[in-house]
Structures are given as structure tokens and as C-alpha cells.
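S.K.: Here is the input, now give the coordinates:
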Amino acid sequence: MGTTAGAKPVSMQLRYSVRASLTKSGNRLIQKIGSKLLWLMVLLALVTAALALISPWYLLAELLFVPLALLGLWDLNQKHHSILRNFPILGHFRFALEDIGPELHQYLVEDNTDGKPFDRDTRSLMYRRAKGVADEKPFGTEKNVYDPEYAWMAHSIAPHPVVENAGQNMRITIGGPDCTQPYSSSILNISAMSFGALGSAAVQAMNLGAKKGGFAHDTGEGGISRYHREHGGDLIWQIGTGYFGCRNEQGGFDPDQFAAQATNPQIKMIEIKLSQGAKPGHGGILPAAKVTEEIAEARQVPVGKTVFSPTYHQAFSDPRGLCAFIGQLRELSGGKPVGFKLCVGHPLELVAIAHAIIDTGICPDFIVVDGGEGGTGAAPLEFSDSMGFPLQPALVLVHNLMVGAGLRDKMKIGASGKMVTASAIASSMALGADWCNSARGFMFAVGCIQSQKCQTNTCPVGVTTQNPKLQRALVVPDKATRVHQFHDNTVGALAEMIAAMGLDHTSQLDPSMIFKRFAGGQIENISHHYQLLSANCLIDGTAPELAQLGWDVSTSDNFMPPGLPQSGVPLTPAQ
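M.R.: Below you'll find the predicted structure:
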């Protein structure tokens, strides 16, 4: 008997029932113990003290009982932790279990397909592809294909030959009409992660892997460190609000410092960071204690002084200013591709940027769309959970806008946000992306175990820590090979999917090739679910009413128009 859409399998219901029963039993036992454990330790300490008068060997037991009794008495009288006042000594076990909760959940609780942020099947796939071992899984899918939101891609009855050596041969050229140094890019690159967020060994492993595989490594907004340069892998230099690596003493943009670095042949593209999916619109503070000599060198800031990343850019304040900044960076870099990365907030801000591109004649060479599900940057929970468009509707929004404004053929669109499998990459490309970036996929390739301690400087496998003792776990040559293999095997799997769909290149993907089951059980082609615009329809005034209204009320003078239409969200992707 099959399960109906949305119903939990019997095995899962049984597992939850057993777990709930064990939890209740455990809670009752803990409540019965209460502070009894403390008084037991006090009693044992007194008894063994008396017995020590008979034999000094009992003093060894005192080494255990006396510290525990003193700890329990302190717990009972302290005023900061309620759990310790009611459950002295025993309460510390709760804190210990809480610390290792993510690990216990991964190894003992979660199913193959229900772990978060990445389930066990997905983690296993990433590890296998990084190690270069077989990644097939027997006995069929464990997903419930009748669940609402289940999506799949349409294969062809007439598949095409698979592209050979896809890691090298499936590429795109990034660079618009005003770019004199276009970049031949892989369709999968390493997404933005700064040195500082990553340790030196992780940065070296990723860049060496990128060098071996011929793909690009985004520096993140923390500047270009010596570890980015050491192995010579292609770099995308990200410029954030702190202008690290190209800032003056006041923290503003310094054109001369930028030009000195941007003309380096290792730097292939320049990316202006407007916002990121993990924490859109949120600035940052790097405490003085973390500003080591190496980090200060990369960011061009004083050693041992607190560094602030503002929430906004000082180099521009309106859409026209953004376009002027893009033109300035392109000229200073010697004609290299320049674009921007953002997590979509209000759609009208993007509309204003499109107006500015047309009005100024300065077009970005690329736009990277970061989904709200992005997450290598530690962030306040409210920002991670409740800010920013998710990737798929954001991609459709940006692609739609640029098509309707007649700009799509002048730029490329990249996508980033929790894409670590070939199917996720193919879906993003079908919705408008020309290439994809992955951060966490390459973190897993260098050894990440999803312990979720990235912001604590205690990463147990040395990926997101500056502690040299912990970084010892990460052997650069070995992990660089895994980075290379993860890239090539993932792109190879994508090439196999493309061939099975009767295509030769990812540029041929479109929304009509994705099907999805929605609430209620109905199946729709994604192209019917999203309202796709025709070329130049916004310019011609022939776009659907809501989209046209959003275009007409926006200007290049401000990111947001003075009066917003109240009938809905302009350019909304869904019908």
C-alpha cells in the first residue's frame, strides 16, 4: 500500500512515537533525581573521608566526590542558570548534550532524506564525488514522489551524446559589449567566502583545486590574501561595503589601490557585493582580537583594531551611481568583467537599476543572484529565516526583468544558494542562470562535517577556524584534489542529465523542462506557473499590467519610487 501525498510513512510515525515515549520516560527520571545527585555526592565525600582514616586508598575516591560535591553546591546557590539551581551537577549534562546536539542529530536521529541544512544522502553524494569514488545509490529514491512541492526534470526519448570532459568543455564567456577582457568561465565555480571566515588551509586547498580544474574562486569581501595568491587559481575579487583591499584610511573606496590589485592577471572578474543571502542588508564587525597580521594585510586595515563593514556602500547612493561605479571599476581594472551580487529584496529596486543601465548606457557584465537560503556566513536567525527572496523566484525575477527591459543578451546571470547537486544546478539554469556558484559544496569537499560551529573558531575539521592546531587536520594537497574532483564529477553528472534531456549544453535549458506537484496534487509545468516576459515588452509598454506598472513608476534616480503601487508586487514571477 502506498502513502498518499503529504502523509508520513508508517516507519517515520513509529520512530517519532518511540522517540516521544523515550523522551517522556527520561524527563520523569530526571525530575525524580532533582537535587538528589548533589546530596549523594556530599554523602559519598563524607563517607570516603571517614574511610580514608582506615585506608589512604579511599583518598582516590575523594578526588572524584569532593569536586562534584563542591560543583553541586555552587550550582545550587548560583543565580544565573535556572536549570542548575533545580538540577545541580545533572544540569551540566544538558549543556554538554546541547553543545553536541547537531552531531548527535546527524548520526543518531535523522533519516537519509530529512536532515538540515543538508541531509545524509546529499552529504554522502558530496563526499563521494570529492573522493572520486562511485556515487550511485541502489534500490531507488527514498523521497516520496507524491509529496507536494516534489519537482522533476523532463528527460527525452532521444538523448544526446554526453559531453566529454565536461569540467573543461562546458563553459560560458562572461563579458558584455564594453568588456575588453572577457572571461571563459566554468559553469560551476566556488562561491564567495572570505579569508578570516575560512582558515588559510581551506583557502589554499580551494584555490589550488580551482587551479587544477580550471574554474574560478570568489574571494569573498575580506580582500585578497596571500593564500588566495599562492597557487595562482583564477580569482573573482569581491568588493563589499568595507572596500577591503582597496580602501582609504577613512574606510572609503580608493581607486589607486583598487587599480594596483585589479590589474593582476590572476584576477579575472570584479564583483560588487550589494547583499548576501545569509544576512541581506546586515553589516558586520570584525573584533580587534581577530584582526591578525595576515587578515590585516589582506584587508589593508591596522592590526589589532576593530573593523566595521557598513550596511551600505559609500561609493554610490542611487542606481545611476551604481552604474557609474561599475564603469569606473571596469576602466580601472583594464576592461575586466564587472558585475554585482545581491539577494533580491524589493523587486522595484531591481527595476530602478534596469532603468539606470538604460539611461547611463553602462551595463554590468553579470549579475549574481544569491538566494535567501544561502548560508556560509553566520547571521542572526531572523535574517537567515525571514529576509530575502529564495533563489528560484529571485532568478526568475531577475531574468524576467532583464528580458523585458531588452538587456538580457548584454549580460550573464549567475546563481548561488544551496546548490550542491547536478539537479539543483540544472533547475537554476532552467530558470535563468548561465552559471552557478557553490560555497558549501566546496566546504564539504575540503572536509566540512556540518557541525555548524563556523562562527566559533572551533571548527573540528579545520575549515572555518584560524586555530593552527585545528587547521592541522586539513592537508592542502589532498583536499585540493578533492575540490577539483568535486567540481569535475558534479559538472560531469550535470552533463549526463543534459544529455538525457536531449540537449548539448546548459544554455538550452528552460522552465518548460521542469515539472512540479503543487498543493492539491495538481502537476504543472514551471513555465505555466511563472509569468514569463517577452523581449523588450517593458520598453514597448506591452508587458502584463502589474509588471508594466512596476516599470512605469520606477526611475533611475532612486532605488525606490516615491509612491508604490498597492495592487501587488510588480514583476512578481508567479501568476
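
S.K.: Report the contact partners of residue 471.
M.R.: Taking Cβ atoms under 8 Å, 6 or more residues apart in numbering as the criterion, residue 471 is in contact with 199-202, 462, 465. From N, CA and C alone the C-beta is placed, and that goes for glycine too.

S.K.: Which single one of the residues you listed is nearest to residue 532?
M.R.: Distance to residue 532, by Cβ to Cβ, is smallest for residue 202 among the contacts of residue 471, at 39.9 Å.

S.K.: can I assume the closest one is in contact with residue 444?
M.R.: No - counting by Cβ atoms under 8 Å, residue 202 does not reach residue 444; the two are 11.5 Å apart.

S.K.: Compare the two (neighbour count), which wins?
M.R.: Higher neighbour count among residue 202 and residue 444: residue 202, with 29 against 23, using other Cβ atoms under 10 Å.

S.K.: Would you mind measuring from the more buried one to residue 70?
M.R.: Residue 202 is 42 Å from residue 70, where distance means Cβ to Cβ, to the nearest Å.

S.K.: My guess is residue 190 contacts residue 217. True?
M.R.: Yes - between residue 190 and residue 217 there is a contact at 4.5 Å, judged by Cβ under 8 Å.

S.K.: Looking at the two, which is more packed in?
M.R.: For residue 190 and residue 217, the more surrounded residue by other Cβ under 10 Å is residue 190, and the numbers stand at 30 against 27.

S.K.: Look up the pLDDT of the more buried one for me, please.
M.R.: Residue 190 is assigned a predicted lDDT (pLDDT) of 97.

S.K.: Tell me what it is bridged to.
M.R.: residue 217, residue 438 (DSSP bridges).

S.K.: which ones are touching it?
M.R.: Residue 190 touches 206, 210, 215-218, 437-439, 442, 483, counting by Cβ under 8 Å, 6+ apart.

S.K.: please redo it, this time with the cut-off set to 7 Å
M.R.: Neighbouring residues of residue 190 by Cβ atoms under 7 Å, 6 or more residues apart in numbering: 206, 210, 216-218, 437, 442.

S.K.: report the longest strand in the protein, please.
M.R.: In the chain, with assignment by DSSP state E, the single longest strand is strand 267-273.

S.K.: who does that strand pair up with?
M.R.: When DSSP bridges is applied, strand 267-273 pairs with strand 235-239 (parallel), strand 338-342 (parallel).

S.K.: CSV for those strands, including distance to residue 124, mean pLDDT and mean neighbour count?
M.R.: Formatted as CSV, those follow (distance: least, Cβ to Cβ, whole Å; pLDDT from 0 to 100; neighbours: other Cβ atoms under 10 Å):
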stretch, distance to residue 124, mean pLDDT, mean neighbour count
strand 235-239, 29, 97, 27
strand 338-342, 30, 97, 25
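
S.K.: Residue 121 is nearest to which of the ones you listed?
M.R.: Among the strands paired with strand 267-273, strand 338-342 comes nearest to residue 121, with 29.4 Å by Cβ to Cβ.

S.K.: Show me what the helix or strand that that closest one is followed by is packed against.
M.R.: Using DSSP states H and E, the helix or strand that follows strand 338-342 in sequence is helix 347-360. For helix 347-360, the elements it packs on are helix 319-332, helix 391-404, helix 545-553, judged by 3 or more Cβ pairs under 7 Å, 6 or more residues apart in numbering; DSSP states H and E.
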